[in-house]
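K.L.:
when you get a sec, could you give me coordinates for this:
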Amino acid sequence: MGAGGTLRDWMETRLREQLAPARLDVIDESHLHAGHAGARPGGETHYRLDIVASAFEGKSRVERHRLVNAVLDDAFKRGLHALAVRARTPAEAA
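P.N.:
Residues are numbered from 1 along each chain as shown. Modelled structure (predicted):
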């Protein structure tokens, strides 16, 4: 995903730039999906994302997920197969 960086690093950078999260955890869970659809030997196909950002205020769960997916659209084009998202506002995370 760029000059020696991982897909995880790229996703974290994009999310920080676009959504300015107060908290962000990007967890590669690809090893848990070995042998499943979309899995590759090198991993970086299945991620779990826990993000807390003011950008989610006033948005439904579906709208929050759409926003995250739009920010990470290129990741799906480059091999990301599955993304589990937990998107909360700072008040919800307190």
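K.L.:
now for the helix or strand of the chain with the lowest mean pLDDT, which elements pack on it?
P.N.:
Lowest on mean pLDDT, DSSP states H and E among the helices and strands of the chain sits helix 73-77, with a mean of 90. With contacts defined as 3 or more C-beta pairs under 8 Å, 6 or more residues apart in numbering; DSSP states H and E, the packing partners of helix 73-77 are helix 7-19. (Each C-beta comes from the backbone N, C-alpha and C, glycine too.)
K.L.:
switch the cut-off to 10 Å
P.N.:
Helix 73-77 sits against helix 7-19, strand 82-88, with contacts defined as 3 or more C-beta pairs under 10 Å, 6 or more residues apart in numbering; DSSP states H and E.
K.L.:
between these, which one is nearest to residue 70?
P.N.:
Ranking the helices and strands packed on helix 73-77 by their distance to residue 70 (criterion: C-beta to C-beta) puts helix 7-19 first, at 8.7 Å.
K.L.:
what's in contact with whichever helix or strand comes after that closest one?
P.N.:
Counting by DSSP states H and E, the next helix or strand C-terminal to helix 7-19 is strand 23-28. For strand 23-28, contacts defined as C-beta atoms under 10 Å, 6 or more residues apart in numbering pick out 6-12, 15-16, 43-53, 72, 83-84, 86, 88, 90, 93.
K.L.:
tell me the angle strand 23-28 makes with strand 82-88.
P.N.:
Counting by axes from the mean of the first three to the mean of the last three C-alpha atoms, to 10 degrees, strand 23-28 lies at 170 degrees to strand 82-88.
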